[in-house]
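In: Give me the fold of what follows.
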Amino acid sequence: MNKESRTMLASLEHSLQLGGRLVENIAGPQWNAPTPCSDWTVRKLLEHVVGMNLVFAAMLSGQRPPSRDADVLGEDPAGAYTRSAQLLLAAFGAPGVLEQSFQSPMGTATGFERLQIRSYDLLAHLWDLAQATGQALEDDPVLESSAQQAWEFARGQLADSPRSGRFDPPQPVSDEAPALDQLAAFLGRPVPWTPHR
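Out: Next comes the predicted model:
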């Protein structure tokens, strides 16, 4: 595994840890609160995050992904998130995975490209989760660097791709905004976001 791959994997681990802290701080009524993903409550948003962690882990490991109808959170959403994060990191960290190519309904990509895809989607949803639950993501250099890389990758990947069914059109945001806000706005989130918008 080269230095770039190790750095990206460490960034994913950092993002997953931040997500774990967000999930642990969700209070009871907040599970049904709206999120920047307009069709999803906080619980539905976390179901998506955990589900995607499990889908990517299964794909990289050559296993069957969970059913779309599966209750991936159960009675312990924080525990389900932690377990899915551990499986995802183990799958991406397996020897040779980042150099292999993997098929999915969205086409063929290397493990390293899948790592970048998972990273930008995860970061966007951590932003959603923080907004929906009134939590502040830590202002730290690793998060800023991860978000910057994710934003640049997403712009390259989605520049000529249709957004229908995946992301809303890019939203306006200050050029001085943090990279995570830039990523969120590029992926169709209004920045700043308020529940009644």
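In: pLDDT below threshold where in this structure?
Out: 160-166, 196-197 (pLDDT under 70).
In: do you know how far the residue nearest the centre of the chain is from Ala91?
Out: By Cα atoms, centre = their mean, the chain has its centre lying nearest to Leu122, at 0.8 Å. Leu122 sits 14 Å away from Ala91, going by Cβ to Cβ, to the nearest Å. Where C-beta positions appear, they are placed from N, C-alpha and C, glycine not excepted.
In: Same check on Leu187?
Out: 24 Å.
In: more neighbours, these two?
Out: Leu187 (26 against 23; other Cβ atoms under 10 Å).
In: looking at it, the more buried one is touching Phe167, isn't it?
Out: Yes. With contact defined as Cβ atoms under 8 Å, Leu187 reaches Phe167; the gap is 4.8 Å.
In: Break down this structure into its helices, ranges please.
Out: Ranges of helices in the chain, per DSSP state H, are 3-24, 42-61, 77-93, 111-133, 141-158, 179-186.
In: of all the ones you listed, which lies closest to Ala70?
Out: Ala70 lies closest to helix 42-61 among these, at 7.7 Å (Cβ to Cβ).
In: which other helices and strands contact the closest one?
Out: The contact analysis (3 or more Cβ pairs under 8 Å, 6 or more residues apart in numbering; DSSP states H and E) places helix 42-61 against helix 77-93, strand 101-104, helix 111-133.
In: Could you measure from Ser38 over to Thr7?
Out: Here the distance between Ser38 and Thr7 works out to 34 Å (Cβ to Cβ).
In: more crowded one of these two?
Out: For Ser38 versus Thr7, neighbours defined as other Cβ under 10 Å are more numerous around Thr7 (14 against 9).
In: show me the contacts for the residue nearest to Arg43 when sequence neighbours are not counted.
Out: Spatially, and ignoring its direct neighbours in sequence, Arg43 is nearest to Trp31 (4.5 Å; Cβ to Cβ, 6 or more residues apart in numbering). With contact set as Cβ atoms under 8 Å, 6 or more residues apart in numbering, Trp31 has these partners: Thr41, Val42, Arg43, Pro77.
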